[in-house]
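>>> sequence unknown, structure follows:
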């Protein structure tokens, strides 16, 4: 069945079956501050939560069971995005960095994008999955204030 996850400023996440009922099927705890962003992996096996507590948590996309905590940011995590093959996750943070995580290891970030001069608010993968564009409120550019940078110079596969 279809799944939906909702995050809250009470530090919790609710997992829902939106087509089967009006009540959540599970309440997920473990974060220490408000939940900023939640993203399901394209294959639906996982979802990740980015939070003000500087951590990213990985959850089972079907059951909602906790899998792992990714640590390494020193500022709030604003956004997370999955690679098309669900093997990698990138995160944007108040600490002026974006980090690449290999989900198979979950130990520490595989790579860190060179620092922006300000908080990284947004990011996403390129259509071919070989690079990541990040957005910060640095000096304006012809791209509407979004500074596009390449996280990887060669394919990660």
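Great, that's in hand. Note that the structure is a prediction, hence the values are computed from the model and not measured.
>>> for the helix or strand harbouring residue 123, which positions count as buried?
Take DSSP states H and E as the rule and residue 123 turns out to sit in strand 120-125. Buried residues in strand 120-125, counted by 16 or more other C-beta atoms under 10 Å: 120, 121, 123, 125. From N, CA and C alone the C-beta is placed, and that goes for glycine too.
>>> Which neighbouring elements make contact with that strand?
strand 77-82, strand 88-93, strand 132-136 (3 or more C-beta pairs under 8 Å, 6 or more residues apart in numbering; DSSP states H and E).
>>> now for those strands, which one comes closest to residue 68?
strand 88-93 (11.0 Å; C-beta to C-beta).
>>> neighbouring strands for that closest one, and are they parallel or not?
Sheet pairing of strand 88-93 (DSSP bridges) gives strand 77-82 (antiparallel), strand 98-102 (antiparallel).
>>> which stretch in the ones you listed is the model least sure about?
Of all those, the minimum mean pLDDT falls on strand 98-102 (a mean of 92).
>>> Give me the residues contacting it.
56, 70, 72-73, 87-93, 109-113, 120, 123, 132, 134, 151-152, 156 (C-beta atoms under 8 Å, 6 or more residues apart in numbering).
>>> can you give me the strands for this structure?
Counting by DSSP state E, the chain has strands at residues 4-7, 13-16, 26-28, 35-40, 46-51, 56-60, 66-70, 77-82, 88-93, 98-102, 111-112, 120-125, 132-136.
>>> Out of those strands, which is the most enclosed?
strand 88-93 (a mean of 26; mean count of other C-beta atoms under 10 Å).
>>> thinking again about what came up before, want to throw the strands paired with strand 88-93 into TSV with distance to residue 22?
Below are the strands paired with strand 88-93 laid out as TSV (distance: least, C-beta to C-beta, whole Å):
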stretch	distance to residue 22
strand 77-82	27
strand 98-102	34
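>>> closest to residue 26 out of the helices and strands packed on strand 120-125?
strand 77-82 (19.9 Å).
>>> can you give me the angle the closest one makes with strand 35-40?
0 degrees (axes from the mean of the first three to the mean of the last three C-alpha atoms, to 10 degrees).
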